[in-house]
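Engineer: how would this look folded up:
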Amino acid sequence: MSRHDELIALSACDAVSLLRKGEVSPLDLVDAASDRIEAVNGAVNAIPTLCLDQAREAAKALQQPANPEPGWLAGLPVVVKDLNETAGVRTTFGSPIFTDNVPERDEVMVETLKKRGAIVIGKANTPEFGSGANTFNEVFGKTRNPWNTAMTCGGSSGGSAVSVATGMSWLATGNDLGGSLRTPASFCSIVGLRPSVGRVAHGAGLMWKDIHQSLVAEGPLGRSVADVALMLDAQSGRHPRDPKSLETPAIPFLQAAREPRAPKRVGYTPNLGIGPVDPEVDAICAAAAARFAEVGTHVEESCPDFTGAMDMFQTLRAALFASIAAPLLDNHRDQLKPEMVWQVEKGMALTAGEVGRAAIARTKLYERMLDWFGDNDVLALPAAIVPPFDVDIRYIEQVGDHTFDNYVDWIYITYAITLTGCPAISVPAGFTKSGLPVGIQLVGRPFGEAELLSYAAQLESILDLGSMTPLDPIVTH
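Structural biologist: You can find the predicted model right below:
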């Protein structure tokens with residue numbers, strides 16, 4: 001194994017430890033990532049835009065503080081999703097409308113990561129405006145699943161997930177409206193955390209115009225729970241450009257992840273009582289949740305009442321996308337994908353009463369969730385209702401006897417959790433008989449990321465699947 005291969009195989013935590021000790025340099029890791037990208041990116045198309053020259057300059061200029069704070073990444077290379085504006089680096093939002101867009105300044109989350117010692121090496125592919133859970137667009141094409149390149153990697157943080165799973169980066173950014181961190185984490189057998197809104201600050205820009213929205217959360221992707229916790233420490237904290245942003249916690253998230261705890265009570269549900277699920281996925285996730293019993297946890301089938309979640313999410317999501325892209329419909333309609341046109345038109349047709357009723361219904365769901373957590377510590381359920389599917393299928397239209405009438409509802413298993421505002425993490429749970437990854441979603445109490453990371457680390461230790469990445473893409477197409 002070459003020196004660069006050894007560096008790529010390091011966990012993010014171990015790589016940062018070596019950086020802090022001065023045993024490797026940021027330039028060493030940028031070069032290792034560059035070699036890995038050259039070797040594997042062609043098979044998966046995860047990082048279409050590179051900024052390695054800029055990264056090397058940043059590596060040379062980086063100054064190590066004498067007493068680094070928690071979350072200091074010390075020169076670790078990361079990949080940023082192509083929805084987050086990055087100064088001097090092409091940022092397209094996956095849309096032909098912005099093919100040549102090069103922002104002058106960093107979006108807040110990117111700015112924060114750079115201040116905490118992250119070095120951006122490239123932009124990860126995403127569906128147009130992050131709309132859809134299969135990563136393809138008219139600018140860069142399809143991103144493929146490294147476990148089987150004929151399959152989708154999920155979305156919308158698909159390029160980010162693939163870059164981590166294949167060793168092209170140690171960590172990557174994503175954001176999550178309806179499951180965009182959790183679905184690709186599940187499909188790529190890595191860890192993805194959707195934290196509470198405000199845990200990671202983000203500001204207004206070309207993509208996210210409404211800084212007061214409460215559906216989209218920025219979050220981390222990594223190969224382990226500890227790596228994700230490390231990145232959450234680097235991303236977290238107050239920022240004046242985000243009025244919802246939360247203070248940095250007194251105890252680092254990484255400490256919580258390194259102190260695994262067994263929850264007292266876990267409720268498992270295959271489908272939240274509102275939709276279909278592939279039987280093999282259910283079996284894998286139910287078996288994974290049941291293994292909490294090995295550390296004394298009481299596990300039973302249970303979940304709050306999610307009646308009406310599909311309708312309320314569709315309404316609130318449509319209103320959000322209307323705020324993002326309604327002006328583009330007038331001037332660039334022919335450049336938007338059909339699903340995006342449908343989504344924006346749906347949002348523009350909504351009445352104030354419809355949006356208000358959905359918001360009130362969401363409040364009632366939140367209250368039911370709080371009541372449920374009065375007796376339980378974790379809600380466990382699949383992170384996706386199907387395994388990875390053919391990359392040429394735009395979205396899942398049918399599961400069993402159930403037919404979906406739009407491109408969004410097949411991810412109800414994650415977007416229903418979004419409505420609750422609770423933090424949720426996808427952890428590798430196993431593989432189908434055909435060798436495709438399946439992730440289990442663990443949901444914690446509101447603002448309970450530390451507790452959730454500790455529980456997730458406990459299950460990760462029990463299941464012991466973390467050593468399977470990074471992997472070389474399995475090329476089948």
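Engineer: Assign the nearest residue in space to Phe313 that is not next to it in sequence to helix, strand or coil.
Structural biologist: Among residues not flanking Phe313 along the chain, Tyr415 sits closest, at 4.9 Å (Cβ to Cβ, 6 or more residues apart in numbering). C-betas here are computed from N, CA, C, even on glycine. For Tyr415, the assignment made with DSSP: H, G, I helix; E, B strand; the rest coil gives helix.
Engineer: any idea how far Tyr415 lies from Leu76?
Structural biologist: 31 Å (Cβ to Cβ, to the nearest Å).
Engineer: Tell me how many other residues surround the nearest residue in space to Asp377 that is not next to it in sequence.
Structural biologist: Nearest residue to Asp377, sequence neighbours excluded (Cβ to Cβ, 6+ apart): Pro263, at 3.6 Å. Other residues lying near Pro263 total 23 when counted by other Cβ atoms under 10 Å.
Engineer: can you check the one 10 residues further on too?
Structural biologist: Gly273: 13 surrounding residues under other Cβ under 10 Å.
Engineer: cool, and the one 4 residues further on?
Structural biologist: By the measure other Cβ under 10 Å, the count of residues near Val277 is 23.
Engineer: Now do the SS call for it.
Structural biologist: Classified using three-state DSSP, Val277 is coil.
Engineer: My guess is it contacts Pro270. True?
Structural biologist: Yes - the criterion here is Cβ atoms under 8 Å, and Val277 meets it with Pro270 at 5.0 Å.
Engineer: Flag every buried residue along the helix or strand hosting Glu339.
Structural biologist: Secondary structure assigned from DSSP states H and E places Glu339 in helix 338-349. Judged by neighbour count (16 or more other Cβ atoms under 10 Å), helix 338-349 contains these buried residues: 339-340, 342-344, 346-347.
Engineer: Show me what it packs onto, helices and strands only.
Structural biologist: If you count contacts as 3 or more Cβ pairs under 8 Å, 6 or more residues apart in numbering; DSSP states H and E, helix 338-349 packs onto helix 309-332.
Engineer: Excluding residues flanking it in the chain, which one is nearest Val139?
Structural biologist: Thr92 (5.1 Å).
Engineer: and if you look at Asn271?
Structural biologist: Val277 (4.6 Å).
Engineer: which of the residues in the helix or strand Gly42 falls within are buried?
Structural biologist: Taking DSSP H and E as the criterion, Gly42 maps to helix 26-44. Neighbour counts over helix 26-44 (16+ other Cβ under 10 Å) mark 26-37, 39-41, 43-44 as buried.
Engineer: can you map out the helices along the stretch 301-450 of the chain?
Structural biologist: 309-332, 338-349, 352-373, 412-420, 449-463 (DSSP state H, counting those that start in this stretch).
Engineer: helices or strands up against the last one?
Structural biologist: Where contact means 3+ Cβ pairs under 8 Å, 6+ apart, helix 449-463 is packed against strand 191-194, helix 225-235, helix 253-257, strand 424-431, strand 437-443.
Engineer: Give me the pLDDT value at the residue in the chain sticking out farthest from the centre.
Structural biologist: Within the chain, Ala66 marks the point farthest from the mean C-alpha position, 32.3 Å out by Cα atoms, centre = their mean. Per-residue pLDDT puts Ala66 at 82.
Engineer: try the one 3 residues further on
Structural biologist: At Glu69 the predicted local confidence, pLDDT, stands at 89.
Engineer: Pull the contacting residues for it.
Structural biologist: Counting by Cβ atoms under 8 Å, 6 or more residues apart in numbering, Glu69 touches no other residue.
Engineer: sec struct for it, please.
Structural biologist: Assignment for Glu69 (three-state DSSP): coil.
Engineer: separation between it and Ala256?
Structural biologist: Using Cβ to Cβ, Glu69 is found at 16 Å from Ala256.
Engineer: for Ala429, same thing?
Structural biologist: Distance from Ala429 to Ala256, counting by Cβ to Cβ: 21 Å.
Engineer: Lys264 now?
Structural biologist: For Lys264 relative to Ala256 (Cβ to Cβ), the value is 17 Å.
Engineer: Between these two, point out the one with more neighbours.
Structural biologist: Shown here are Lys264 and Ala256; by other Cβ under 10 Å, Ala256 has more neighbours (24 against 13).
Engineer: Could you pull up the residues touching the residue lying closest to the more buried one once chain neighbours are set aside?
Structural biologist: Nearest residue to Ala256, sequence neighbours excluded (Cβ to Cβ, 6+ apart): Ala450, at 3.9 Å. Neighbour list for Ala450: 249, 251, 253, 256 [criterion: Cβ under 8 Å, 6+ apart].
Engineer: for Leu181, same thing?
Structural biologist: Counting by Cβ under 8 Å, 6+ apart, Leu181 touches 157, 174-175, 192-194, 217, 219-221, 426.
Engineer: so which of the residues you listed is the most crowded?
Structural biologist: Ser157 (37 neighbours).
Engineer: Would you mind pulling up the elements that whichever strand or helix holds Ala161 packs against?
Structural biologist: Using DSSP H and E, the element containing Ala161 is helix 158-165. Helices and strands touching helix 158-165, by 3+ Cβ pairs under 8 Å, 6+ apart, are strand 76-81, strand 118-124, strand 171-176, helix 182-188, strand 217-222.
Engineer: now that helix against strand 76-81, angle please.
Structural biologist: Relative orientation of helix 158-165 versus strand 76-81 (axes from the mean of the first three to the mean of the last three Cα atoms, to 10 degrees): 160 degrees.
Engineer: Show me what the mean pLDDT comes to for helix 158-165.
Structural biologist: Here helix 158-165 scores 98 as its mean pLDDT.
Engineer: Equivalent analysis for stretch 342-349, please.
Structural biologist: 94.
Engineer: cool, stretch 270-290 as well?
Structural biologist: The average pLDDT within stretch 270-290 is 98.
Engineer: With stretch 352-362 instead?
Structural biologist: Mean predicted lDDT for stretch 352-362 stands at 97.
Engineer: And that stretch, what's buried?
Structural biologist: Buried residues in stretch 352-362, defined by neighbour count with 16+ other Cβ under 10 Å: 355, 358, 361-362.
Engineer: How far off centre is that stretch?
Structural biologist: 27 Å (Cα atoms, centre = their mean, to the nearest Å).
Engineer: Repeat that for stretch 371-382.
Structural biologist: 21 Å.
Engineer: In it, which residues are buried?
Structural biologist: Neighbour counts over stretch 371-382 (16+ other Cβ under 10 Å) mark 372-373, 376-382 as buried.
Engineer: Nothing else from me, thank you.
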